[in-house]
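Visitor: I would like to see how this sequence folds:
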Amino acid sequence: MLEFENTSQTAHRYTRLQIVLHWLVVILIAEQWFTSKAIPRTHSPFLPPSKTDLLMHMAHNYAGMVIGLLMTVRLGLWILNPRQVDAGRRSWQSKTASTVHWALYLSVLGQASTGFVSSYLWQGAVPFHQMFWNLTLTLVTLHVLAAAYHLVRGDDVVRKMVPWPSKQ
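Guide: Residues are numbered from 1 along each chain as shown. So this is what the prediction gives:
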């Protein structure tokens, strides 16, 4: 979780469903990275694609659609289960965390959307899909670095996104 505020002041915990959806998306994004390597080989005009490459390409497409669906559900849950923070007292770190979260949601949704469009409707969307992938990787890196910071710091921020209850 990308937050820098003192968590003793913000005791918000995500629902179990939000936590499960978060980690499912993490796993699927890792799968996307792995399966994306087969896509250029399936579109090569010089060599016929292998059955493995075709299977990986299909897994990439369907997993991308699942990511889009899960992210839509996550966004809806986030809107329905907002953090209660006094907007006038939010720190620059909290504002940055919120901005990165929204950008990450929009980037992943943009990537899923352009992936669908480029696979089924218009191949001209491929550069936009690749742009969203690069943006998503950058935002994920920031997100992971912030989580590592909080893990080292020993505050409760990371504990709010793990599926098991924290011991206090």
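
Visitor: gap between Leu24 and Thr52?
Guide: Separation of Leu24 from Thr52 (C-beta to C-beta, to the nearest Å): 24 Å. Placement of C-beta: from N, CA and C, glycine included.

Visitor: count of neighbours near the residue nearest to Val157 when sequence neighbours are not counted?
Guide: Leaving aside its chain neighbours, Val157 sits nearest to His150 (4.0 Å; criterion: C-beta to C-beta, 6 or more residues apart in numbering). If you count neighbours by other C-beta atoms under 10 Å, His150 ends up with 21.

Visitor: in what helix or strand does His150 lie?
Guide: helix 126-153 (DSSP states H and E).

Visitor: tell me which other helices or strands that helix touches.
Guide: With contacts defined as 3 or more C-beta pairs under 8 Å, 6 or more residues apart in numbering; DSSP states H and E, the packing partners of helix 126-153 are helix 92-120.

Visitor: what's the spacing between the helix it packs on and its chain's center?
Guide: 7 Å (C-alpha atoms, centre = their mean, to the nearest Å).

Visitor: now it: average pLDDT?
Guide: pLDDT averaged over helix 92-120 equals 94, rounded to a whole number.

Visitor: show me what that helix is packed up against.
Guide: Packed against helix 92-120 by the contact rule (3+ C-beta pairs under 8 Å, 6+ apart) you find helix 51-80, helix 126-153.
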